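Q: need a structure here:
(4 chains, ligands or ions: 6)
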Amino acid sequence: MKKFINDPKNLTRELLEGFAIAHSDVVTVKSEKIVCRAQAKSTDKVAIVTLGGAGHEPALSGFVGTGMLDYSVVGDIFAAPGPPKVFEALRMANRKAGILFVVLNHAGDVMSANMAAEMADKEGIPYKMILTHEDIAPGADAPAEDRRGLVGCIPLYKIAGAAAEAGKSLDEVYAIAQRFNENMATLAVAMNTATHPASGQKIFELAEDEMEIGMGQHGEAGTGPSKIMTADQTADVMLTRLLLAIKAKAGDRVMLLINGSGATTLMEMFIVLRACKMILDAKGITLSVARCGEFLTVQEMAGFQMFAAKMDDELLRYWNAPCNTPSLTIG
Amino acid sequence: MKKFINDPKNLTRELLEGFAIAHSDVVTVKSEKIVCRAQAKSTDKVAIVTLGGAGHEPALSGFVGTGMLDYSVVGDIFAAPGPPKVFEALRMANRKAGILFVVLNHAGDVMSANMAAEMADKEGIPYKMILTHEDIAPGADAPAEDRRGLVGCIPLYKIAGAAAEAGKSLDEVYAIAQRFNENMATLAVAMNTATHPASGQKIFELAEDEMEIGMGQHGEAGTGPSKIMTADQTADVMLTRLLLAIKAKAGDRVMLLINGSGATTLMEMFIVLRACKMILDAKGITLSVARCGEFLTVQEMAGFQMFAAKMDDELLRYWNAPCNTPSLTIG
Amino acid sequence: MSDVINYAGLCSMLHGATAQIRANHEMLSRLDAATGDGDHGTTILRAMEAVSKTATEHTGTDAKSLLAAVGWAVMSCDGGSTGPLLGSFFTGMSDASDGVDEWNSAKLASVIESGVAKMAKQSRAKVGDKTMMDAFLPAVDALKAADRALAPKAALQQAAAAAAQGAEATKAMRAKFGRARNLGDRVIGHPDPGAVSISLILKGFSEGL
Amino acid sequence: MSDVINYAGLCSMLHGATAQIRANHEMLSRLDAATGDGDHGTTILRAMEAVSKTATEHTGTDAKSLLAAVGWAVMSCDGGSTGPLLGSFFTGMSDASDGVDEWNSAKLASVIESGVAKMAKQSRAKVGDKTMMDAFLPAVDALKAADRALAPKAALQQAAAAAAQGAEATKAMRAKFGRARNLGDRVIGHPDPGAVSISLILKGFSEGL
Ligand SMILES: Nc1ncnc2c1ncn2[C@@H]1O[C@H](COP(=O)(O)OP(=O)(O)O)[C@@H](O)[C@H]1O
Ligand SMILES: Nc1ncnc2c1ncn2[C@@H]1O[C@H](COP(=O)(O)OP(=O)(O)O)[C@@H](O)[C@H]1O
Ligand SMILES: [Mg+2]
Ligand SMILES: [Mg+2]
Ligand SMILES: [Mg+2]
Ligand SMILES: [Mg+2]
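A: Ligands and ions are numbered 1, 2, ... in the order given. Have a look, this model is predicted:
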């Protein structure tokens, strides 16, 4: 397999050690797989906790730090951490102010989160769980359990984190995060597969002239392969579906993220963003926040996730509030 | 070709348009291919100007902004901008305080820079040119013209930019940048090729079980292919050569960058950094600055550039000084 | 053939299951490569090794605390959904194994039923959904239907047979859970790796005795 | 066959060169694919189209200002090293074409020599280095050696022949400049695309007259 790794058994431990070396000023790793801030936030503020498998770097732990996450529980490559670790993190984060517990909708994550939550209930740890499932590949109105949690968790951490930093109560932080959650949508597209760094196997196959819209974060099939389109055509197909899903109309303000999956270049993301801007201008929708980059990757998969959210003054204020994390700094 | 693009003829223009949309708060694009700050720096401070081909995003223009570059002149994909554009940028930057003109050692860039400099001389524009050629692939003591300018230009922009921001004179800024320039070294490794986004051709070939140390930024051959090694072995081979080149010994302080070339994951970069830290610890060398990420890419090439520099108090102070650019923010 | 299971018997039951998975994990990963992401053998082996390690190292001699420790160890494996699912199974067994430390077939049936019930809460899958439940639910029915005079080993043999049948039946199914779900018709003809694992675990239970 | 080149003649010389590159750019890119990155045909075509566009649109009728404008246009093409190199050639021609607006063979020789001299400053390559200079330098020698009575067109034919020979000779060479340099022996047997371009440009000059 063409990767710079050592024994695949140690992938998560080794990558977290390197991560802690690169960002010792912002994060530390506790009890092997729990990433938390180097300087803990005051306990009279709501803590933000999340969990997820490794292999998606910089997600999720790259967003631990001032203004975003307090604790990120890391699993194995593409595999959720077990309930005991998650419970351990909830215990670390335990505080009167309470915990916003952000869970991405993937079978393993949800099971671990639910079981950890049961344990937290037994100990009377105050928390509220929020489930992200903004993938619109199965259709914007498909049942929630069919809609995966994709890159949308990251701007949600940012907005919830800023509200918590501002001293909002758990109910308030939850309400703000939930409003954002209900107004966001993501659609992914893949052009080339990735190699599972533990098994060495390709996670899916695509023909030389094909791409697939709706491809998930672990090679879960999307809406089926199609012929490769230009950047402008791809942006049009995807953004049109996203704007419909979030019911954006003339005069609305939206946030767009073009999240590279790994092998897709910033050059391409900029070209796609340019196409999106033209579409938004034509519809009279304001692009209030636009970002291109790698937030949640799928190893060296070629493709991207296009994320759109309807914004309001409060959400924009929290998005623009300062944060300092390994992979997102807003000054 | 498996890329999200439109007509290859318009690659540079379109990517710069998208770039300006994503970062309108920090940068603007003037006369099609000159990237400069949205808010210009006061003209009694030294300006930092550079040039280079596109296709290496976020380099070079991603580092225009407070604390780093003032002007970046962009060429075509992997091709230097012509002398007239470069001269135009030197004119825009013209000021009594003078210009630090940073040029990477690649044939086209050097020719354009030299001819633009001649034109600047005719108009009496005050500047000093600094040439980066920190590649040690041909051997640390190979003639300067054989040693390419790789990712090292970027920390150099940061340090020179901070000195300029601090109000240092052109001679002082030049001296500081030159000291850093003489104490830095880069070695690249490639594991998979990339596709030229204009021609659609692979820029080189490597067998399934091979990697190549010393591979250049445009597929220029390195020290020949070798069998794939583990992350720890690769780090050992590369870092040993780099430390020798910068003559780092016990007690010294170094900066390390692991610069991903495109398809290599942050996961891998962290694992490589971890290996480097163990080597440095064993040698009693202090790791004062460590960064993993994509600073200067080669489209979707798999591989990375390992950068090392010997640091002192002043260089560290300038590295740690605040900067705010699209692709590097230090708060 | 002893007609009760004591603490030592429980331990060898568990080791028997691990032995089955050790012998078959590569085959299980190959099955997962067809319907999922090719890692099930690795994950379930990691889980069962944790089971045996716990059984070997556990101090104390009561089934309840051992099975609780086993459940916790399995859940700690970071095995995607397999960890929580199998972990709940053992935790559920622990819940039902209070007091009584010598299990006859009736008690065994109720203990395993309780384990499957706990797992079902996380699983939400029914028979026909192409998951571990396609092996577990028929096994529970077999245990409950088994002649009460039957020794535990024999009862487990019947359960394992029912589980194997259930796993075989998954070949014809489309998946309603897990990664296989996204593959639609493409998984028809392939057995569900998780269901096969469960049938092997039950086989191992009986062979352990 | 006129024995001087006036402004109109100069323009058709330039258009003649562009015509040659238009007809051969695909072949030139194929050559570059063997020794470089496969884009030379595209780059040199972009440069020569800029030459013809400038010649067509130029207002004024003196060689000096036209060639200065042509040099500037070529350098503005963002053509890696080709832009600065070819641009300096035309700029150097402009430098030497002061006053006199009707070139005889001697004047033509000195104008082209000045162009090559200017380019040589950027190039730093000598004959044998497998670059454009392997075509240009023999061409200059031919022009200087040419019988002064010879009409410019005939002189250019001899120069073009010398350049073509020089380009042919690059097949045997290892490259000391450009991307081909990194390929060492692997470029032996392949002619240098830049040298071939220059021989075509000189051929086009003579055919333009
Ligand atoms: N909701 C569920 N209930 C029961 N079993 C399930 C469920 N979801 C998945 N499974 C089982 O998990 C197996 C795959 O396990 P494994 O490969 O270890 O996990 P992953 O799918 O995360 O890679 C499937 O074959 C299926 O039997
Ligand atoms: N220093 C030099 N002097 C003269 N010609 C050069 C020099 N370096 C490169 N060349 C010419 O440039 C040609 C390649 O041009 P082109 O492919 O357009 O540029 P690039 O190498 O940047 O892709 C080579 O065939 C060679 O003739
Ligand atoms: Mg990448
Ligand atoms: Mg699996
Ligand atoms: Mg070329
Ligand atoms: Mg080129």
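Q: chain C against ligand 6: which residues are in contact?
A: Counting by Cβ under 5 Å from the ion, no residue of chain C lies close to ligand 6. Yep, even glycine has a C-beta here, placed from its N, CA and C like the rest.
Q: residue ranges with poor pLDDT in chain C?
A: Counting by pLDDT under 70, chain C has low-confidence residues at C:1, C:99.
Q: which residue ranges of it form helices?
A: Ranges of helices within chain C are C:7-35, C:40-57, C:63-75, C:82-96, C:105-123, C:133-145, C:152-169, C:193-208, based on DSSP state H.
Q: closest one to ligand 2 among these?
A: helix C:7-35 (44.1 Å; Cβ to the nearest ligand atom).
Q: switch the helices of chain C over to a markdown table; also include distance to residue A:57 and mean neighbour count.
A: Output for those, formatted as a markdown table (distance: least, Cβ to Cβ, whole Å; neighbours: other Cβ atoms under 10 Å in any protein chain shown):
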| stretch | distance to residue A:57 | mean neighbour count |
| --- | --- | --- |
| helix C:7-35 | 24 | 19 |
| helix C:40-57 | 21 | 21 |
| helix C:63-75 | 25 | 23 |
| helix C:82-96 | 22 | 26 |
| helix C:105-123 | 28 | 21 |
| helix C:133-145 | 34 | 23 |
| helix C:152-169 | 37 | 22 |
| helix C:193-208 | 28 | 27 |
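Q: can you redo the ones you listed as a markdown table with distance to chain A?
A: Formatted as a markdown table, those follow (distance: least, Cβ to the nearest Cβ, whole Å):
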| stretch | distance to chain A |
| --- | --- |
| helix C:7-35 | 7 |
| helix C:40-57 | 7 |
| helix C:63-75 | 5 |
| helix C:82-96 | 4 |
| helix C:105-123 | 5 |
| helix C:133-145 | 14 |
| helix C:152-169 | 20 |
| helix C:193-208 | 12 |
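Q: and the stretch 151-300 of chain A, which of its residues are near chain B?
A: A:191-192, A:197, A:208, A:211, A:228, A:230-232, A:234, A:262-274, A:277, A:287, A:290-292, A:294, A:297, A:299-300 (Cβ under 8 Å from any Cβ of the partner chain).
Q: tally of neighbours for whichever residue of the stretch 1-150 of chain A sits closest to ligand 5?
A: Distance from ligand 5 to each residue of the stretch 1-150 of chain A (Cβ to the ion) is smallest for residue A:2, at 27.1 Å. Using other Cβ atoms under 10 Å in any protein chain shown, residue A:2 has 18 other residues around it.
Q: report the closest residue of chain C relative to chain B.
A: residue C:78 (16.0 Å; Cβ to the nearest Cβ).
Q: need the contact list for that residue.
A: A:33, A:75-76, A:79-82, A:85 (Cβ atoms under 8 Å, 6 or more residues apart in numbering or on different chains).
Q: the closest residue to residue A:318 other than its chain neighbours: neighbour count?
A: Nearest residue to residue A:318, sequence neighbours excluded (Cβ to Cβ, 6 or more residues apart in numbering or on different chains): residue A:162, at 3.8 Å. Burial of residue A:162 is recorded as 24 neighbouring residues (other Cβ under 10 Å).
Q: now residue A:162, what's its secondary structure?
A: Secondary structure, DSSP: H, G, I helix; E, B strand; the rest coil: residue A:162 is helix.
Q: repeat that for residue A:73.
A: Assigned with three-state DSSP, residue A:73 falls in the strand class.
Q: and the nearest residue to it once chain neighbours are set aside, what element?
A: Take residue A:73 and drop its neighbours on the chain: the residue closest to it by Cβ to Cβ, 6+ apart is residue A:51, 4.0 Å away. Secondary structure from DSSP states H and E places residue A:51 in strand A:47-54.
Q: paired strands for that strand, with orientation please.
A: Sheet pairing here is set by DSSP bridges, and for strand A:47-54 it gives strand A:71-77 (parallel), strand A:99-104 (parallel).
Q: closest one to ligand 1 among these?
A: Across the strands paired with strand A:47-54, ligand 1 has its closest neighbour in strand A:71-77 (9.7 Å, Cβ to the nearest ligand atom).
Q: now the helix or strand just after the closest one - C-alpha only, CSV.
A: Using DSSP H and E, the helix or strand that follows strand A:71-77 towards the C-terminus is helix A:83-93. Provided in CSV are the C-alpha atoms of helix A:83-93 (Å, rounded to 0.1, in the frame of the first residue of the first chain):
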residue,chain,number,x,y,z
PRO,A,83,-18.8,3.2,24.8
PRO,A,84,-16.4,3.0,27.7
LYS,A,85,-14.0,5.6,26.2
VAL,A,86,-16.9,7.8,25.3
PHE,A,87,-18.2,7.6,28.8
GLU,A,88,-14.8,8.4,30.2
ALA,A,89,-14.7,11.6,28.1
LEU,A,90,-18.2,12.6,29.3
ARG,A,91,-16.9,12.1,32.9
MET,A,92,-13.9,14.3,32.2
ALA,A,93,-16.2,17.0,30.8
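Q: report whether helix A:83-93 contacts chain C.
A: Yes. On the criterion Cβ under 8 Å from any Cβ, helix A:83-93 is in touch with chain C at A:83-85.
Q: could you list the buried residues of that helix?
A: A:83-90, A:92-93 (16 or more other Cβ atoms under 10 Å in any protein chain shown).
Q: for the stretch 151-300 of chain A, just list every one of the helices.
A: A:153-165, A:170-182, A:231-245, A:266-283 (DSSP state H, counting those that start in this stretch).
Q: can you give me the angle the last one makes with helix A:231-245?
A: To tie it back to what came earlier, the one meant is helix A:266-283. Angle, helix A:266-283 to helix A:231-245, by axes from the mean of the first three to the mean of the last three Cα atoms, to 10 degrees: 50 degrees.
Q: how far out from the middle of the chain is helix A:266-283?
A: With Cα atoms, centre = their mean, to the nearest Å as the basis, helix A:266-283 stands 21 Å off its chain's centre.
Q: name the element the nearest residue to residue A:266 once chain neighbours are set aside belongs to?
A: Nearest non-adjacent residue to residue A:266, counting by Cβ to Cβ, 6+ apart: residue B:57, 3.8 Å away. Take DSSP H and E as the rule and residue B:57 turns out to sit in neither a helix nor a strand.
Q: all set now, cheers.
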